[in-house]
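S.K.: fold the following.
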Amino acid sequence: MNFEHRSRLAVDLEPILAGRRMRRNRRTDWSRRLVRETNLTVDDLIWPIFLIDGENRREPVASMPGVFRLSVDLAVAEAERAAALKIPVLALFPYTDPDLRDETGSEALNPENLVCRGLRSIKRAVPHIGLMTDVALDPYTSHGHDGLMNGETIVNDETVAQLVHQSLVQAEAGTDIIGPSDMMDGRIGAIRAGLDASGHQDVQIMAYTAKYASAFYGPFRDAVGTNKTLKGDKRTYQMDPGNTNEAIREAELDIAEGADMIMVKPGMPYLDIVRRLKDAFSVPTFAYQVSGEYAMIHAAAQNGWLDLDRAMMESLTSFKRAGADGILTYFAPVVAERLKAGA
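M.R.: The predicted model follows:
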């Protein structure tokens, strides 16, 4: 295209554009920052970490580059790092010794289990960081399910009674946020009542409100050791990936039963659910960027198909843009370092 033709084309466009040039605000870095609608900050991050028994143990999770199972002493060091980076909350998940797993998940009720020891040690060393704990039986059961089984059936009400007990054990050990991830009916109300009756009125509940029966959990199950133990699947209690109205009904129930915060899991495949829940209820709403999402971004970057840093930041910004108040993400420490450096 020669200059004369370009000039004539520009003149022809003037009546159409009539001063409406969207690119003006995109022209410079300072201008892009000035008009940006969605910003990611360190205050948006919850960092999930995996615990393992022993001392000075750091075991890599093969399917999650940069993620490790940590003994409690090393988890304390990571909590100190998180506090220095101003990450508000750590979420603790245990790799339970297979010898301690049984049909009923009884280790979940042990006040000296791995999670409880982790809670007490981190709270002693870093008292001002928030700690969140998972309430479900799958890390403790020999069959890998989130609830108690009667034959091939996950029984709801008996499971809820045990989840209340598990919540009380964790509250006594010092958790700040209970995260029921089991998807049993009625468990939020039962846990809230149990906490309040036991003097733990200040312990918050972040309900795994819309937890889908997803293909994206595989690396997490490697990390907590349930991939090899899980018998069957979890579709009788986790949500069908094709459903969205069901998430609204779940949220209505969880909020009515006393949830302080709600969560959507997984994250990026369910951004529409995040948006619907935030618009419908205007309560603190979180998303979990699950292990499969994290692993996929890393795998693509390792193959040279994506820029890791840009994909990481873009993916997390998408949660905020969809309405999430915060994100559980394994990228948390890396992102916090970048934000601290002003990158």
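S.K.: all helices of the stretch 151-300 of the chain, in order?
M.R.: Listed in chain order, the helices of the stretch 151-300 of the chain (DSSP state H, counting those that start in this stretch) span 156-173, 187-197, 218-224, 245-257, 271-281, 291-302.
S.K.: number of nearby residues for Ala213?
M.R.: Counted with other C-beta atoms under 10 Å, the neighbours of Ala213 add up to 15. (Each C-beta comes from the backbone N, C-alpha and C, glycine too.)
S.K.: quick one on the thing from earlier: out of the helices of the stretch 151-300 of the chain, which is closest to Lys123?
M.R.: Between Lys123 and those, the shortest gap by C-beta to C-beta is with helix 156-173, which sits at 8.3 Å.
S.K.: residues in contact with Asp44?
M.R.: Contact analysis of Asp44 by C-beta atoms under 8 Å, 6 or more residues apart in numbering lists Leu316, Lys320, Ala324, Asp325, Gly326, Ile327.
S.K.: what does the model give it for pLDDT?
M.R.: Among the per-residue scores, Asp44 holds a pLDDT of 98.
S.K.: dihedrals phi and psi, it?
M.R.: Per-residue torsions, Asp44: phi -90, psi 0 (degrees, to the nearest 10).
S.K.: do you know the pLDDT at the nearest residue to Gln201 once chain neighbours are set aside?
M.R.: Nearest residue to Gln201 in three dimensions, chain neighbours excluded: Leu195, at 6.9 Å (C-beta to C-beta, 6 or more residues apart in numbering). At Leu195, the pLDDT value in this model is 98.
S.K.: and for Leu9?
M.R.: Reported pLDDT for Leu9: 52.
S.K.: returning to what we had before: closest one to Pro127 among the helices of the stretch 151-300 of the chain?
M.R.: Nearest to Pro127, of all these, is helix 156-173, at 13.7 Å by C-beta to C-beta.
S.K.: check which residues of the closest one are buried.
M.R.: By 16 or more other C-beta atoms under 10 Å, the buried positions in helix 156-173 come out as 156, 159-160, 162-164, 166-171, 173.
S.K.: about what we covered before: pretty sure the residue nearest to Gln201 contacts Val169?
M.R.: No. Between Leu195 and Val169 there is no contact under C-beta atoms under 8 Å: 11.4 Å.
S.K.: pretty sure Phe93 belongs to a helix, no?
M.R.: No. Using DSSP: H, G, I helix; E, B strand; the rest coil, the secondary structure at Phe93 is strand, not a helix.
S.K.: which ones are touching it?
M.R.: By C-beta under 8 Å, 6+ apart, Phe93 lies in contact with Pro48, Ile49, Phe50, Leu51, Val115, Asp134, Pro139, Phe220, Ala223, Val224.
S.K.: among those residues, which pair sits farthest apart?
M.R.: Val115 and Phe220 (15.6 Å).
S.K.: which one's more surrounded, the two?
M.R.: The neighbour count for Val115 versus Phe220, taken as other C-beta under 10 Å, is higher for Val115 (27 against 24).
S.K.: for the closest residue to Asp102 other than its chain neighbours, grab the count of nearby residues.
M.R.: Excluding the flanking residues, the one nearest Asp102 by C-beta to C-beta, 6+ apart is Ser142, at 5.5 Å. Neighbour count of Ser142, defined by other C-beta under 10 Å: 15.
S.K.: quick check: Ser142 vs Pro333, distance?
M.R.: Distance of Ser142 to Pro333, computed by C-beta to C-beta, to the nearest Å: 33 Å.
S.K.: also Thr153?
M.R.: For Thr153 relative to Pro333 (C-beta to C-beta), the value is 41 Å.
S.K.: so which of these two has more stuff around it?
M.R.: Ranked by neighbour count (other C-beta under 10 Å), Thr153 and Pro333 place Pro333 first, with 18 against 10.
S.K.: does the more buried one really touch Leu85, like I thought?
M.R.: Yes. Counting by C-beta under 8 Å, Leu85 is a contact partner of Pro333 at 6.5 Å.
S.K.: name the residues linked to Phe93 by a beta bridge.
M.R.: Phe50 (DSSP bridges).
S.K.: what's the pLDDT at it?
M.R.: At Phe93, the pLDDT value in this model is 97.
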